[in-house]
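1. Next input, structure requested:
(one chain, ligands or ions: 1)
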Amino acid sequence: MAIATISPVTGEVLKSFDELTPEQLEDKLARAAAAAAKYRLTTIDQRVEWLGRAADNLEKDADTVSKLIVTEMGKTYRAAQEEVAKCVHGLRFYAEQGPGFLRALPNEAGSVNAKQTYVTYQPIGVVLAVMPWNLPMWQAMRFAAPALTAGNVGILKHASNVPQTALYMEQLFRDAGFPEDVFQTLLISSGRVEQVLRDPRVEAATITGSEPAGKSVATIAGQEIKKVVLELGGSDPFFVMPSTNLERASDVAVKARTLNNGQSCINGKRFFIHADVYDAFLALFAAKMGALVVGDPMDPATDIGPLATESGRDDVDAYVADAVAKGATVVVGGKRPDGPGWFYPPTVLTNITPEMNMYHEEVFGPVAQVWSVSSLEEGLSLANAHPYGLGSNLWSEDQSERDIFIRDVQSGMAFINGNTTSYPEIPFGGVKRSGYGRELSDLGMREFMNAKTVWIGDDVDA
Ligand code: NAP
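-> Numbering: from 1, shown residues only. Modelled structure (predicted):
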C-alpha cells in the first residue's frame, strides 16, 4: 500500500511519501536504541512535565490537526475535534496519574525472610506500535502517552493512509521537549514490520488492527519471545431489553453504528432486541439511521462522511451483497452510491443467518445487523458464538439481567446503559480473537514494564 494521503471524498492523491530506505530505517532503529539507554534514566517528574506540554501544544493545534484527520481518513470534523480533545485528555491523565502508577509496591517482607521486599516498575526499552487509521491520533496516543510516561521509547508504524498525522505526532513530542528520538515515526509498509520486530533492539510490540495483521505480528513476536499486546477486530453485541428506554437506546445504537463513519472496532455492530420491543426498536432505529446526512465531512450538517479507503468500501459492499443474496432483508440503505468518493449509506439489515459472511466476521462500515431474541440468554448464546470478544452493551433496568450479562457475555468490556468507548481512566481490550493484553489505565502502562521483584535481606554484619 502506497504511503500517501488520499482524499476519501474525491479519491485524489493529495500527498505521497517515500518509504524509508534500508539505511534510513537502520539509522532510526539505532537512534531509538540510543535514546532508550538515556531516556530510562530521566525522572518521572521530568517526563510528565513534557507530557503536559505536549497536551498544551496539541490543544493549541486542535483545529489544524482535526482538519488533517478529516483530510486523511474522512471522519466528520466534529468527530475529529472530539478525537483530538480525547488525546489532550489522555496526555493530561498520564501526566497527573503516571507518577502514582510507577510507585513501587511493597510486599510483606517477614514471610519471605526479607528485611524489605517490593516490586519496582521499570521501562523495557524500545516498543514498536503498529496502528490503524480509524482513530489515527487517539489509537497512537493511547500507546504513546503511557509508554513515554513509563520511560519507554516508541517507534510508530502507522497505517499507510495517515502519514501526515503520524509525522505530526513525532513533531508534537519533540516540540514538547522529549529528547530527540524518544518517539519516532517510521514510514514503512506493513511488509517491513517483521524486520523491525525481529530486530534485537526492539523489545516489544503493540498492534491495533485486523485479525490477520495481529496474527502475523503475534507469530513473529512469539518466535522472538517478545511481549505483544493485540487490539484486533470486534463485532460487539448490543442487547436491548424491554425495561429500557427505547428512545435512548436507539439514539445510542445509531451513534454506535455510525461513529467514525461506522469504522470503529468497538461499538455495537450486532443488535439483539427482545421480541417484546423488537418492532418498536427497529422502527425507531431504522428511522434514525435513514435520516442521517451522508456527505462532505467538513460540512457541519453531515453526520457520516466517506469510508477511509476504496478497498474498505468495497469490503462493506461485498458483505452486504453476500448477505442480501443469501436472504437478508434490507430495512434501510444497502446501496453503494455512484459518483466520486468512498461513501456508503447507513444500512440496517435483518434476517441474518450463519451462511452469510457478516455473521462470523466484522463489517467495518455503517452496517447494522438486527436480531429478535426471546430472552437475554438467547441473545447471549447467539452473540457469544462469534469469534470476537471486544466490547458489549446491555440496555436494561433489570438487575438480574445486568448480573447475567456481566457474568456471561464473552467480551473484554461490558457497558450497561451507555455506549462502549475508551477512556484513559479504565482498561481497554478484548478476549477471544479480539486479542489480548490491555491498553490505558495503570494496566496499559504496565504491559510494557518490567515488574522487577526486589528482595533485601538483613545486612550481613548486623
Ligand atoms: P489493518 O489492515 O490490520 O491495518 C492496521 C495496521 O497494521 C496498519 O498500520 C497496517 O499497515 C498494518 N498491517 C497490515 N497488515 C500487516 C501485517 N501483515 N503485518 C504487520 N502490520 C500489518 O487494519 P485496518 O483494516 O486498516 O483497520 C481496521 C481493523 O482494525 C478492524 O478489524 C478493526 O476492528 C481493528 N481495530 C481494532 C481496535 C482495537 O482497539 N481492538 C481499534 C481500531 C481498529 P498498512 O496500512 O501499511 O497496511
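
2. Please make it C-alpha for all contacts and neighbour counts, starting now.
-> Fine.

3. May I have the residues that are in contact with Phe14?
-> Slight slip there: residue 14 is Leu, not Phe. Counting by Cα atoms under 8 Å, 6 or more residues apart in numbering, Leu14 makes contact with Ala4, Thr5, Ile6, Ser7.

4. Return the backbone torsion pair for it.
-> Phi and psi for Leu14, reported as degrees, to the nearest 10, are phi -90, psi -30.

5. Next to the ligand in this structure, residues from this protein, please.
-> With Cα under 6 Å from any ligand atom as the criterion, the chain meets the ligand at residues 1, 130-132, 157-160, 189-190, 193, 208-210, 213, 216-217, 231-234, 264-265.

6. Whichever of these end up buried, select them in PyMOL.
-> The buried residues among the residues of the chain next to the ligand can be selected in PyMOL (16 or more other Cα atoms under 10 Å) with this line:
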select buried, resi 130+131+132+157+158+159+160+189+193+208+209+210+213+217+231+232+233+234+264+265
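
7. Now, the residues of the chain next to the ligand that are in strands?
-> Val130, Lys157, Thr208, Glu231 (DSSP state E).

8. and the helix or strand harbouring Ala144, how far out from the chain's middle?
-> Assigned by DSSP states H and E, Ala144 belongs to helix 138-150. Distance, stretch centre to chain centre, for helix 138-150: 12 Å (Cα atoms, centre = their mean, to the nearest Å).

9. for the record, mean pLDDT for that helix?
-> In this model, helix 138-150 has an average pLDDT of 98.

10. What helices and strands are in contact with it?
-> Here helix 138-150 touches helix 44-60, helix 77-101, strand 153-157, helix 441-446, going by 3 or more Cα pairs under 8 Å, 6 or more residues apart in numbering; DSSP states H and E.

11. ok, the residue minimising distance to the centre of the chain - contacts?
-> In the chain, the residue lying closest to the centroid (Cα atoms, centre = their mean) is Gln139, at 5.1 Å. Counting by Cα under 8 Å, 6+ apart, Gln139 makes contact with Met131, Pro132, Thr208.

12. Please identify which of those residues is nearest to Asp181.
-> Checking those against Asp181 by Cα to Cα gives Met131 as the nearest, at 18.7 Å.

13. Verify the contact between the closest one and Ser210 for me.
-> No. Taking contacts as Cα atoms under 8 Å, Met131 lies outside contact range of Ser210: 10.1 Å.

14. Which helix or strand in this protein has the lowest average pLDDT?
-> When each helix and strand of the chain is scored by mean pLDDT, DSSP states H and E, strand 105-106 comes last, with a mean of 87.

15. related to what we said a few turns ago, could you report the distance from the residue nearest to the centre of the chain to Thr165?
-> Distance, Gln139 to Thr165, by Cα to Cα, to the nearest Å: 11 Å.

16. mind giving me the domain split of the chain?
-> By the record's domain assignment, the chain is partitioned as 4-232+434-454, 236-416 (automatic domain parsing).

17. JSON lines for those domains, including distance to Val460?
-> Converted to JSON lines, the domains of the chain look like this (distance: least, Cα to Cα, whole Å):
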{"stretch": "domain 4-232+434-454", "distance to Val460": "12"}
{"stretch": "domain 236-416", "distance to Val460": "49"}
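
18. Quick one, which of the ones you listed gets closest to Pro427.
-> Smallest distance to Pro427 across the domains of the chain (Cα to Cα): 5.1 Å, for domain 4-232+434-454.

19. Tell me where the model's unsure across the stretch 1-150 of the chain.
-> Within the stretch 1-150 of the chain, no stretch has pLDDT under 70.
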